[in-house]
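[1] Could you look at this predicted model? Sequence included:
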Amino acid sequence: DTGVSQDPRHKITKRGQNVTFRCDPISEHNRLYWYRQTLGQGPEFLTYFQNEAQLEKSRLLSDRFSAERPKGSFSTLEIQRTEQGDSAMYLCASTPTGASYEQYFGPGTRLTVT
Amino acid sequence: GDSVTQMEGPVTLSEEAFLTINCTYTATGYPSLFWYVQYPGEGLQLLLKATKADDKGSNKGFEATYRKETTSFHLEKGSVQVSDSAVYFCALSDMIAAGNKLTFGGGTRVLVKP
């Protein structure tokens, strides 16, 4: 399977703990995106990378959130001092740079903060 | 900023019925328009897309036409099947202004009964 993969698929954590999610994009896809989807809503953009450079961050991404994409391959999204409001599905998507506009999504990581 | 509005669900239909899901958008640039589908327990998948005015996207019997004059991209299918039960998301991306990030509507849940 050469699709976008995300790990873990589910994470339950206590409020105040730190969590880190990983996304492995489709090989050779230069762009990688993170979205957050709360129950019953559409995904909301968080941030994106062109290779290893983080080019845009949403205002939704508070200082407790940080994302990296070392070497332009996999990416990690870390949430520090989690809050109950962080409970959501975190989606990763990748796309090649160029004329193709399709983003390929991973299965997501469901975070529950208790 | 960019935004997408789609009809709220759930939409409940009988098999072989006609399906329409309305979607309208607001964008400052020249967006591409998409319909994504999320089947139960699965990740987001691209259903169809249109990249300029009057383009018609089609796939799996679904169609949508990019109407710039009405800023709409309504999804239609002439005869639905039980397997079409899913959540459908309308989305746009503006390659020039916003790095190809996707802006989603809130989603419409469709339930097709045999």
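    Great, that's in hand. If you're wondering where the values come from, they're calculated on a predicted model, not measured in any experiment. Numbering: from 1, shown residues only, chains lettered A, B, ... in the order given.
[2] which residue is nearest the centroid of chain A?
    Central residue of chain A (C-alpha atoms, centre = their mean): residue A:34, 3.4 Å from the mean position.
[3] Average pLDDT for the helix or strand where that residue lies, rounded please.
    Element membership of residue A:34 [criterion: DSSP states H and E] is strand A:31-37. On average, the pLDDT along strand A:31-37 is 95.
[4] likewise stretch B:3-15?
    Taken as a whole, stretch B:3-15 carries a mean pLDDT of 94.
[5] in what helix or strand does the closest residue to the residue nearest to the centre of chain A other than its chain neighbours lie?
    Nearest-residue entry for residue A:34: residue A:46, 4.3 Å, with adjacent residues in sequence omitted and distances by C-beta to C-beta, 6 or more residues apart in numbering or on different chains. (C-beta placed from N, C-alpha, C; glycine too.) Using DSSP H and E, residue A:46 sits within strand A:44-50.
[6] so what's the residue in chain B that chain A sits nearest to bridging to?
    Using C-beta to the nearest C-beta, the closest approach of chain B to chain A is made by residue B:104 at 3.3 Å. On the basis of DSSP bridges, residue B:104 is bridged to residue B:91.
[7] That one against residue B:88, yeah?
    No - taking C-beta atoms under 8 Å as the definition, residue B:104 is not a contact partner of residue B:88, at 10.7 Å.
[8] shared neighbours, those two?
    Listed as contacting both residue B:104 and residue B:88 by C-beta atoms under 8 Å, 6 or more residues apart in numbering or on different chains are residue B:36.
[9] residue contacts, the closest residue to chain B within chain A?
    Residue of chain A nearest chain B, by C-beta to the nearest C-beta: residue A:42 (3.3 Å). Applying C-beta under 8 Å, 6+ apart, we find residue A:42 in contact with B:4, B:89, B:91, B:104-107.
[10] Since that was my last question, I'll sign off now.
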